[in-house]
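A.B. asks: Curious how this folds, go ahead:
(one chain, ligands or ions: 2)
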Amino acid sequence: MQRLLTGLQPSGVLHIGNYLGALKPFSEMYSQYESFLMVADYHALTSLRDPEALRANIRDIVRSYVAAGVDPKKAVIFQQSRVQEHTELAWIFECLVTVPFLELSHAYKDKVAKGLEANAGLFNYPMLMAADILLYDTDVVPVGADQRQHLEYAREAAAKFNNSYGDVLKEPQAKILESVAVVPGTDGKKMSKSYGNTIPLYEPKDVLVKAVMSIVTDSSGELPQNVYEIHKHFKSKKELDALYESNKGKYKVLKEALIDDIEKIVAPMREIYESITDADVERILKEGSDRAREYAAAKMKAVRSSIGVTI
Ligand code: AMP
Ligand code: TRP
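C.D. replies: Ligands and ions are numbered 1, 2, ... in the order given. I've put the predicted structure just below:
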């Protein structure tokens with residue numbers, strides 16, 4: 001069986017874009033692989049400095065994946081910060097790559113271009129992600145197209161390491177989830193927590209209703225484009241076009257139909273989500289992280305021995 005690993009940053013509350021772009025595809029494919037699902041909490045630290053929010057977001061990710069159908073017995077669900085080998089291997093990569101090489105990172109360049117001050121963690125981010133992947137001899141990394149460059153960094157880190165120290169690390173393959181179109185938010189731009197335009201995934205129904213009702217509908221003509229573009233992900237084109245044709249200009253009716261269609265999918269998952277306690281989350285993360293550590297420790301043993309720190 002091939003090994004699969006992916007990660008999600010606990011940097012905000014998950015929205016329906018995350019569901020369609022990450023949770024759903026993962027829950028549909030993970031059982032065909034030996035799967036590792038990582039909560040990338042040290043990555044989130046590059047942008048989040050609120051302990052209570054971080055704690056809540058970590059729990060939210062675990063609950064969300066289980067509610068979306070991932071069985072913690074069939075996938076290793078673990079927390080990055082509980083497996084110290086990740087930061088350890090990242091350091092070793094940082095000593096192998098150059099500053100100009102890391103300066104090419106989109107995430108870093110975007111922040112600098114916006115005039116923001118990037119912390120050194122953000123600058124080194126791709127090397128921590130490379131460690132996440134390479135510690136597990138990962139074959140396949142399913143991610144959105146925005147992560148393509150990070151996968152290249154991981155492949156490059158493996159190649160540089162192997163060039164210097166022998167064949168220790170496996171170069172992974174990206175599995176870009178192209179089929180998942182970008183889900184727009186309530187203002188028509190990409191749905192993203194940083195734009196404040198999200199439709200939440202597991203929040204109570206009244207929060208969902210409020211978010212859908214706030215979708216901007218100053219579109220030209222009688223078709224509320226922003227509503228339609230989100231709705232597309234929840235209904236077949238044929239049914240959708242018939243619905244919008246027979247309700248031309250009736251924005252409220254169409255928004256209510258969208259709420260119903262989201263609710264059909266989300267309601268059963270929300271019920272599972274709400275039934276998962278903090279103690280369940282702790283148990284899942286402890287068991288998963290203990291298992292992950294076994295793999296990571298074995299790989300680090302080989303790494304340490306090859307770089308010459310074992311005497
Ligand atoms: P982020 O919350 O931006 O770190 O994204 C986490 C995951 O959700 C990534 O795999 C993204 O590709 C996916 N994702 C985030 N926003 C969207 C969106 N608006 N449409 C589709 N996928 C998304
Ligand atoms: N950078 C990824 C994102 O923002 C999250 C991530 C961290 C990840 N480590 C990973 C994804 C390892 C895949 C593999 O979406």
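A.B. asks: all helices of the protein, in order?
C.D. replies: Along the chain, counting by DSSP state H, helices occupy 16-18, 24-29, 41-44, 51-67, 85-94, 99-102, 106-113, 120-134, 148-165, 205-213, 225-231, 237-246, 251-275, 278-307.
A.B. asks: buried sites along the fifth one?
C.D. replies: Buried residues in helix 85-94, defined by neighbour count with 16 or more other C-beta atoms under 10 Å: 85-86, 89-90, 92-94. C-beta coordinates here come from the backbone N, C-alpha and C atoms, glycine included.
A.B. asks: now what about that helix, what contacts it?
C.D. replies: For helix 85-94, contacts defined as C-beta atoms under 8 Å, 6 or more residues apart in numbering pick out 42, 80, 124, 127-128, 130-132, 134-135, 157, 160-161, 293, 296-297, 299-300, 303, 307.
A.B. asks: Contacting ligand 2 as well, which ones from those?
C.D. replies: Asp132 (C-beta under 6 Å from any ligand atom).
A.B. asks: Whichever of the contacts of helix 85-94 end up buried, select them in ChimeraX.
C.D. replies: Entered in ChimeraX, the line below selects the buried ones among the contacts of helix 85-94, by 16+ other C-beta under 10 Å:
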select :42,80,124,127,128,130,131,132,134,135,157,160,161,293,296,299,300,303
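A.B. asks: so how many other residues sit close to the residue in the stretch 1-150 of the chain positioned nearest to ligand 2?
C.D. replies: Using C-beta to the nearest ligand atom, the closest approach of the stretch 1-150 of the chain to ligand 2 is made by Gly7 at 3.0 Å. For Gly7, the count of nearby residues is 21 (other C-beta atoms under 10 Å).
A.B. asks: same check, this time on Asn247
C.D. replies: Neighbours around Asn247, by other C-beta under 10 Å: 17.
A.B. asks: ok, it - contacts?
C.D. replies: Taking C-beta under 8 Å, 6+ apart as the test, what Asn247 contacts is 253-254, 257.
A.B. asks: and those residues as a markdown table, adding distance to Met29, pLDDT and neighbour count?
C.D. replies: Below are those laid out as a markdown table (distance: C-beta to C-beta, whole Å; pLDDT from 0 to 100; neighbours: other C-beta atoms under 10 Å):
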| residue | distance to Met29 | pLDDT | neighbour count |
| --- | --- | --- | --- |
| Val253 | 36 | 95 | 12 |
| Leu254 | 33 | 96 | 23 |
| Ala257 | 30 | 97 | 20 |
